[in-house]
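> Here's a sequence, model it:
(one chain, ligands or ions: 2)
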Amino acid sequence: MNGDKIIEAKHVSKWYGAFQVLKDINLTVSKGERIVVCGPSGSGKSTLIRCFNRLEAHQEGEITVNGITLHNKMRNVGEVRKNVGMVFQHFNLFPHMTVLMNCMVGPMWIKGVPAAEAKKTALKFLERVRIPEQANKYPIQLSGGQQQRVAIARSLCMQPAVMLFDEPTSALDPEMVSEVLETMTGLAKDGMTMVCVTHEMGFARAVADRVIFMNTGQIVEQGVPKEFFDNPQHERTKLFLSQIL
Ligand code: ADP
Ligand code: MG
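Numbers count the residues shown, from 1 in each chain. Ligands and ions are numbered 1, 2, ... in the order given. Below you'll find the predicted structure:
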């Protein structure tokens with residue numbers, strides 16, 4: 001095993017055809033650590049975290065997730081996904097299932113958990129994201145913020161070792177951003193290991209142990225939030241921060 005490292009990426013490179021989207025990425029995420037990944041659009045942030053749960057394959061280097069080593073071949077996809085929760089920009093709930101069923105099917109179908117137990121767990125996590133009263137509704141009947149909280153609860157039901165967030169608030173109406181960030185902050189306080197791609201810099205300052213800045217497929221700079229925001233080292237980081245802050 002690899003101690004308390006939950007994710008370890010070593011010299012990871014990836015190409016889409018001739019285009020190199022990830023360039024020699026080295027990154028370790030320890031148990032309980034909260035990482036924020038930021039950077040301009042197209043810099044490879046989504047691709048990187050999608051490699052961590054095998055939604056994408058990398059071609060060079062090695063990624064180890066909760067003790068499972070991922071090579072360039074798409075083996076052990078199922079095993080990895082049991083360990084990694086993912087929340088997307090556009091929620092990606094199952095539209096034809098109730099909120100409760102959305103939260104039950106992963107544990108039932110992937111882990112073989114009995115329905116009664118899956119239901120109990122689902123209700124517990126819907127309680128935790130503070131929408132137990134929505135359990136029997138369908139996703140379309142919920143606001144964007146509520147749907148995103150269901151997506152978080154659904155991931156938590158799998159009891160993942162790490163949660164990945166890909167711009168979870170960027171598709172939300174402004175008034176719904178804070179309820180999702182509060183949910184994420186709560187998870188962080190409870191000790192969840194998290195990798196969050198987000199441009200919510202208030203969240204990054206308050207919650208992140210480390211902020212990572214990506215540009216053109218590389219990790220250009222990283223640091224604790226205070227250093228990163230107050231004293232960025234690279235010109236590209238300074239430019240990016242001046243554009244979003
Ligand atoms: P970010 O999340 O930082 O905006 P992405 O990881 O989505 O960046 O994309 C990085 C680069 O890879 C972009 O130039 C994008 O156009 C390209 N890209 C993303 N997905 C694909 C794909 N499936 N095929 C080809 N190019 C892709
Ligand atoms: Mg992206």
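
> ok, H199 - contacts?
Counting by CB atoms under 8 Å, 6 or more residues apart in numbering, H199 makes contact with 38, 167, 170, 244. C-beta coordinates here come from the backbone N, C-alpha and C atoms, glycine included.

> Assumed it was part of a strand.
No - secondary structure of H199 (DSSP: H, G, I helix; E, B strand; the rest coil): coil, not part of a strand.

> I'd like the distance between it and E235.
H199 is 19 Å from E235, where distance means CB to CB, to the nearest Å.

> try M104
Counting by CB to CB, the gap from M104 to E235 is 49 Å.

> between the two, which one's more packed in?
Between M104 and E235, counting by other CB atoms under 10 Å, M104 is the more crowded of the two (24 against 9).

> any weak-confidence spans in this structure?
Scanning the chain for pLDDT under 70 picks out 1-3, 72-74.

> ranges for the helices of it?
45-52, 77-83, 99-105, 111, 115-128, 144-156, 174-189, 201-207, 225-230, 235-244 (DSSP state H).

> what would those look like in JSON lines with distance to ligand 1?
Putting the helices of the chain into JSON lines (distance: least, CB to the nearest ligand atom, whole Å) gives the following:
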{"stretch": "helix 45-52", "distance to ligand 1": "3"}
{"stretch": "helix 77-83", "distance to ligand 1": "17"}
{"stretch": "helix 99-105", "distance to ligand 1": "25"}
{"stretch": "helix 111", "distance to ligand 1": "29"}
{"stretch": "helix 115-128", "distance to ligand 1": "27"}
{"stretch": "helix 144-156", "distance to ligand 1": "18"}
{"stretch": "helix 174-189", "distance to ligand 1": "18"}
{"stretch": "helix 201-207", "distance to ligand 1": "16"}
{"stretch": "helix 225-230", "distance to ligand 1": "17"}
{"stretch": "helix 235-244", "distance to ligand 1": "12"}
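
> how about E117, what does it touch?
Contacts of E117 by CB under 8 Å, 6+ apart are P107.

> Just want the most central residue of this structure.
Nearest to the geometric centre of the chain sits L164, at 1.4 Å (CA atoms, centre = their mean).

> is it true that that one touches N83?
No - the criterion here is CB atoms under 8 Å, and L164 misses it with N83 at 10.9 Å.

> I figured Q222 hits P232, correct?
No - the criterion here is CB under 8 Å, and Q222 misses it with P232 at 10.7 Å.

> More neighbours: those two, which one.
More crowded of Q222 and P232, by other CB under 10 Å: P232, with 20 against 17.
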